[in-house]
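K.L.:
sequence first, predicted model second:
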Amino acid sequence: MNKQDKELLHEINDSFNESADAYNIRKNGKGIMRKVNDYISIVTKEDNSGIDIYVKENTLFGIVHIPVIITESGLTDVVYNDFHIGKNANVIIMAGCGIHNDLHKTSEHDGIHRFYLEEGSKVKYVEKHYGEGKGTGKKILNPTTKIYMKPNSQMNMNSTQIKGVDDTIRITKAELEDNATLEVSEKILTTGKERAKTEFIVNLNGENSSVHVTSRSVAEASSYQEFISNITGNTKCYAHVECDAIIKDNGQVKAIPEIYAKNVDANLIHEAAIGKIAGDQLNKLMSLGLSESEAEEVIIKGFLK
């Protein structure tokens, strides 16, 4: 990797270094670096573009990095990554994609990730998306995440779109069995004419399964965001979905909630709040000597932290 590659990688994964337990670095559609160990293996797919990641059962505190960087203008990269998490394993997965585009052609990365969590396993999944470059070519990121959770498994998904992504469609689908728990935290910043669409489709199939989705977003300038949630409770279960958004300038945000209880013991909640920055928050910071724009920046950073 050259200096630009390393700087781009740092934007999406500042904890990575070559001494990490396990990793697979993908650049411009090809794997360029890989490391495995006794409890985490990474295998290149033979029938498709992508990798299979296998975490052995009873693995404790395993960490694997799978970042993607794109520096080639005009490239469309599609990758299929499957994660096989063994029974009672505990693992942290650091993912994400950064695009640097200095030219006029569109650069795009579509990542399709499937998670298979065996009984009692725990996963923390962190992904960051980022775009940069002086060119007029678009930077497009379309992540699709499919999650299949066996009884008593747990998954915490933390997804952040930092800045610079022109268009994104983010789809998360999950199927939960008995006592499975899914927590999702999403943060998105759009500006200019950027567009972002997020969709969550979760089926709570198992008794006492639960999902908690928190989405925080800021739409600045003339950007547009759309948040869709579709949660179905098929048995005794619990779901809580929160969508909080700040709009500035001519930004627009649409929230479309759908909760469907198919059982008398399904407890499903959806909350949404969209609006501008509160005046009392601005006044408080401006009384400390900050300008209005500086105060807005402080509030937005805190909101998306």
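P.N.:
Looks like it came in fine.
K.L.:
S223: neighbour count?
P.N.:
By other C-beta atoms under 10 Å, 25 other residues sit near S223. Just so you know, the C-beta spots here come from the backbone N, C-alpha and C atoms, and that holds for glycine as well.
K.L.:
so who does it touch?
P.N.:
Residues counted as contacts of S223 (C-beta atoms under 8 Å, 6 or more residues apart in numbering) are 190-196, 251-252.
K.L.:
buried residues in stretch 93-110, which are they?
P.N.:
Residues of stretch 93-110 classed as buried: 93-101, 106-110 (neighbour count, 16 or more other C-beta atoms under 10 Å).
K.L.:
swap in stretch 42-53?
P.N.:
42, 50-53.
K.L.:
which single one of those residues is nearest to G133?
P.N.:
Using C-beta to C-beta, the shortest approach to G133 within those belongs to G50, at 25.2 Å.
K.L.:
and the closest one, how far is that from G98?
P.N.:
18 Å (C-beta to C-beta, to the nearest Å).
K.L.:
show the backbone phi and psi for the closest residue to K56 other than its chain neighbours.
P.N.:
Leaving aside its sequence neighbours, K56 sits nearest to Y39 (C-beta to C-beta, 6 or more residues apart in numbering; 4.6 Å). Y39 adopts backbone torsions of phi -120, psi -10, taken as degrees, to the nearest 10.
K.L.:
Y39 against G62, yeah?
P.N.:
Yes - if you go by C-beta atoms under 8 Å, Y39 and G62 touch, sitting 5.8 Å apart.
K.L.:
overlap of the contact sets of these two?
P.N.:
Residues touching both Y39 and G62 (C-beta under 8 Å, 6+ apart): V55.
K.L.:
circling back to that earlier point, which single one of the buried residues of stretch 42-53 is nearest to S222?
P.N.:
Comparing the buried residues of stretch 42-53 against S222 with C-beta to C-beta places G50 closest, at 35.3 Å.
K.L.:
residues of the longest helix along the chain that come out buried?
P.N.:
Counting residues, the longest helix found in the chain (DSSP state H) is helix 292-304. Neighbour counts over helix 292-304 (16+ other C-beta under 10 Å) mark 295-296, 299-300, 303-304 as buried.
K.L.:
touching it from outside, list them.
P.N.:
Applying C-beta under 8 Å, 6+ apart, the set of residues contacting helix 292-304 from outside is 160, 187, 189, 216, 218, 244, 246, 248, 277, 281-282, 285-286, 290.
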